[in-house]
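Asker: Please find the sequence and the predicted model below.
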Amino acid sequence: MNMLEVADHEQLPVTHARDGNPAAWDTLFRRYQLPLYVYVFELIRDEQPALDIVQETFIAAARHIRTLREDHKFGSWLFGIAHQKCLQHWRKREEILFDEIPETPEEFEDSPHDLLIRREQEAEFMKLLAQLPPAHRSVLLLHFVEDFSLAEIAQITECQTGTVKSRLHYAKKSLRKLLEEKK
């Protein structure tokens, strides 16, 4: 599901959530829990801490929603909170684990052979992605998986748009180099 297709501010009850409406928070949680989890998991590569960070992100969002000035930016604001929580997590740990590749949902009706090949390709891509520095991994995931614009990524990661462009450029260049080395 494309983040931008659903994140239309007309559909999101941010104003009601700000007023403390539990149903509004439930709607926001249901909308963002999975994309947020995928993003966090791909950054820290550990299931339980990823779940904890998503929970902490929503708690922080509930506490600080009054600081959000533009309701239509709720998604990027929420991802920004999660990004900061990931940075805090990395500071607490001495090393980042990249052991497990998540299973992909079997929503396609391909042959078992095609599914096996796709899983192998996805696993290989995730291994390559895991070799990139967290800042490069982050911009790739936010841009290509979550479909955030460069400006939104800059807001989420709290850096300049030029820095995001640079990181994206070098991340793609590094991925190409890793792919060439595999051949």
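Answerer: Happy to help now that I have it.

Asker: any idea how this structure splits into domains?
Answerer: Domains of the chain are assigned by automatic domain parsing as 9-92, 112-181.

Asker: Mean neighbour count for these - can I get that in a markdown table?
Answerer: C-beta: built from backbone N, CA, C; applies to glycine. Listed next are the domains of the chain as a markdown table, based on neighbours: other Cβ atoms under 10 Å:
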| stretch | mean neighbour count |
| --- | --- |
| domain 9-92 | 17 |
| domain 112-181 | 16 |
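
Asker: Output these in TSV; the columns should cover mean pLDDT.
Answerer: What follows is those, written out as TSV (pLDDT from 0 to 100):
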stretch	mean pLDDT
domain 9-92	86
domain 112-181	83
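
Asker: Endpoints of stretch 153-162, how far apart?
Answerer: 11 Å (Cα to Cα, to the nearest Å).

Asker: Equivalent analysis for stretch 144-164, please.
Answerer: 13 Å.

Asker: for the most centrally placed residue in the chain, what are its contacts?
Answerer: Closest residue to the average C-alpha location of the chain: residue 39 at 2.3 Å, with Cα atoms, centre = their mean. Neighbouring residues of residue 39 by Cβ atoms under 8 Å, 6 or more residues apart in numbering: 79, 82, 141, 142, 145, 146.

Asker: Output the residues you listed in JSON lines; the columns should cover distance to residue 57 and secondary structure.
Answerer: What follows is the contacts of residue 39, written out as JSON lines (distance: Cβ to Cβ, whole Å; DSSP: H, G, I helix; E, B strand; the rest coil):
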{"residue": "79", "distance to residue 57": "9", "secondary structure": "helix"}
{"residue": "82", "distance to residue 57": "4", "secondary structure": "helix"}
{"residue": "141", "distance to residue 57": "15", "secondary structure": "helix"}
{"residue": "142", "distance to residue 57": "15", "secondary structure": "helix"}
{"residue": "145", "distance to residue 57": "17", "secondary structure": "helix"}
{"residue": "146", "distance to residue 57": "14", "secondary structure": "coil"}
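
Asker: which one among those residues gets closest to residue 59?
Answerer: Among these, residue 82 lies closest to residue 59 (Cβ to Cβ), at 11.6 Å.

Asker: correct me, but that closest one touches residue 38?
Answerer: No: using Cβ atoms under 8 Å, residue 82 is not in contact with residue 38; the gap is 10.7 Å.

Asker: which residues of this protein fall in helices?
Answerer: In the chain, the helices defined using DSSP state H lie at 3-6, 14-18, 22-44, 47-64, 74-92, 112-130, 134-140, 150-157, 161-182.

Asker: got a list of contacts for stretch 12-22?
Answerer: Applying Cβ under 8 Å, 6+ apart, the contact partners of stretch 12-22 are 23-25, 27-28, 31, 62, 65-66, 68, 71-72, 74.
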